[in-house]
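[1] Provided below for reference: sequence and predicted model.
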Amino acid sequence: MKQPIKTMEDFSTFVGLSRPTVSKYFNDPNSVRKKTREIIEAAVKQSGFRPNIFAVNLNRRRTNILGLIVPNSTDPFYMALTRRIEGIAEQSGYLAFVLSSDGKPELEERAIETFKSMNVAGAIIGPLGVQSHHEKLARLGESIPLIYIDSPLDATSPFVGTNNRQSFKLIVDYLTRSGDQPCYFGMTLVNSNALERREGYVEAMQNLNLEPRFVVHEANANWEFEKFAFDATAQILRDGGFPTKTVLCANDRIAYGVLAAAFQAGLKVGRGEGYDLRVAGHDDQPLSRYMCPPLTTVAQNYNEIGRLAIKLLFDKLGESDGTKSELPADQRILLNGEIMLRRSA
């Protein structure tokens, strides 16, 4: 080899086969004859050539790349969900290309445009909700299959997530039966979960003929949940404390900030006599069991959310494994939460 092999044309010349034959091999090695495959594989080993996967996919009618947009790549829930989806995609011969909108509409829009330019086969999206560019997502959905996760974009699009009404009924019932009624510490308005979870709390309290009680705070639409909750709790405690001695947080990361501020203020958090405050969350983030005290919360099943989301996507791509019985006709799946009883409440 006198010249470095950089393109498919270079490799075709090197191996002595036509460009279409070489492309056919890289698209599907089993699509060429065994002898041809052996020649190409020997040449690949000798030259070290690897085709540009994005260039290869752009020439396909349908690519083997799946898009995945998450609203925050550092959130432990989305990290776990991403790993699950990537693993299933890889097993099925697909590459999951992950982008984060970082809670910003302009980054979500850029991710959408990137996926269009990459000619992805389909996409799984955790949308920003109200802040999302609905028209751009609708146009993307006209060209490729889209599945939404965690937070629904609207009332009709294919979606897999947690049944917030069921999960909040579960935790409100427990907290009410086991101690003081819970006041609600809401999350910042980063997506529709902020509203759905508040509504789930209100509904659960009204079903018990109790008046909903809310923690008053100033919230900005960002993902710094721990800092936001810590600062707000510190101020609340300086002003006299929470409305009740039980605080139900919209998510675990809010609860982390509450726990840290309560500790700094010298409050003892836990259940039973001798404690000043009970704190509960929602999501069952990986760190929740290691908090001090360990956090009582409601678990979202991220493994099932990931599995069912990609199953829905494969079904739309015509690659269903044949087990359609668990997929509803409206392609909207709400999974029930499971309460995790620990020492914080």
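    Thanks, I have the structure now.

[2] Does the closest residue to residue 214 other than its chain neighbours belong to a helix, a strand or coil?
    In space, and not counting its chain neighbours, residue 214 is closest to residue 184: 5.3 Å by Cβ to Cβ, 6 or more residues apart in numbering. All C-beta spots, glycine's among them, are computed from the backbone N, C-alpha and C. At residue 184 the chain is in strand, as set by DSSP: H, G, I helix; E, B strand; the rest coil.

[3] can you pull the contacts of residue 184?
    198, 201, 212-215, 248, 250 (Cβ atoms under 8 Å, 6 or more residues apart in numbering).

[4] What lies in contact with the strand or helix carrying residue 77?
    If you go by DSSP states H and E, residue 77 is part of helix 76-91. By Cβ under 8 Å, 6+ apart, the residues outside helix 76-91 that reach it are 66, 68, 70-73, 95-96, 98, 124, 126, 149-150, 283, 285-287, 300, 302-303, 305-307, 309-310.

[5] give me that answer again for 6 Å
    66, 70, 72, 96, 98, 283, 285-286, 302-303, 306, 310 (Cβ atoms under 6 Å, 6 or more residues apart in numbering).

[6] Identify those among those that sit within helices.
    302-303, 306, 310 (DSSP state H).

[7] In the stretch 1-150 of the chain, what residue spans correspond to helices?
    8-15, 19-27, 34-47, 53-58, 76-91, 105-118, 134-143 (DSSP state H, counting those that start in this stretch).

[8] now the last one against helix 105-118, angle please.
    With axes from the mean of the first three to the mean of the last three Cα atoms, to 10 degrees defining the directions, helix 134-143 sits at 20 degrees from helix 105-118.

[9] so how far is residue 190 from residue 286?
    From residue 286 across to residue 190, the span is 20 Å (Cβ to Cβ, to the nearest Å).

[10] So which of these two has more stuff around it?
    residue 190 (21 against 13; other Cβ atoms under 10 Å).

[11] sorry, back to before: buried subset of the contacts of helix 76-91?
    Buried by 16 or more other Cβ atoms under 10 Å: 66, 70, 72, 96, 98, 283, 285, 302, 306, 310, out of the contacts of helix 76-91.

[12] tell me the contacts of the first one?
    To tie it back to what came earlier, the one meant is residue 66. 89, 94, 96, 122.

[13] Report the separation between the last one and residue 203.
    Just to be clear, that refers to residue 122. For residue 122 relative to residue 203 (Cβ to Cβ), the value is 34 Å.

[14] Just the C-alpha atoms of stretch 222-239, please, in CSV.
    Taking C-alpha atoms only, stretch 222-239 is exported to CSV below (Å, rounded to 0.1, in the frame of the first residue of the first chain):
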residue,chain,number,x,y,z
ASN,A,222,-33.6,24.3,34.9
TRP,A,223,-32.3,20.9,35.9
GLU,A,224,-30.3,21.9,39.0
PHE,A,225,-32.9,20.2,41.2
GLU,A,226,-30.6,19.6,44.2
LYS,A,227,-29.4,23.2,44.5
PHE,A,228,-32.8,24.6,43.9
ALA,A,229,-34.3,22.4,46.6
PHE,A,230,-31.5,23.1,49.1
ASP,A,231,-31.7,26.8,48.7
ALA,A,232,-35.5,26.8,48.9
THR,A,233,-35.5,24.5,52.0
ALA,A,234,-32.9,26.6,53.8
GLN,A,235,-35.1,29.7,53.4
ILE,A,236,-38.3,27.8,54.4
LEU,A,237,-36.7,26.6,57.6
ARG,A,238,-35.5,30.1,58.4
ASP,A,239,-39.1,31.3,57.9
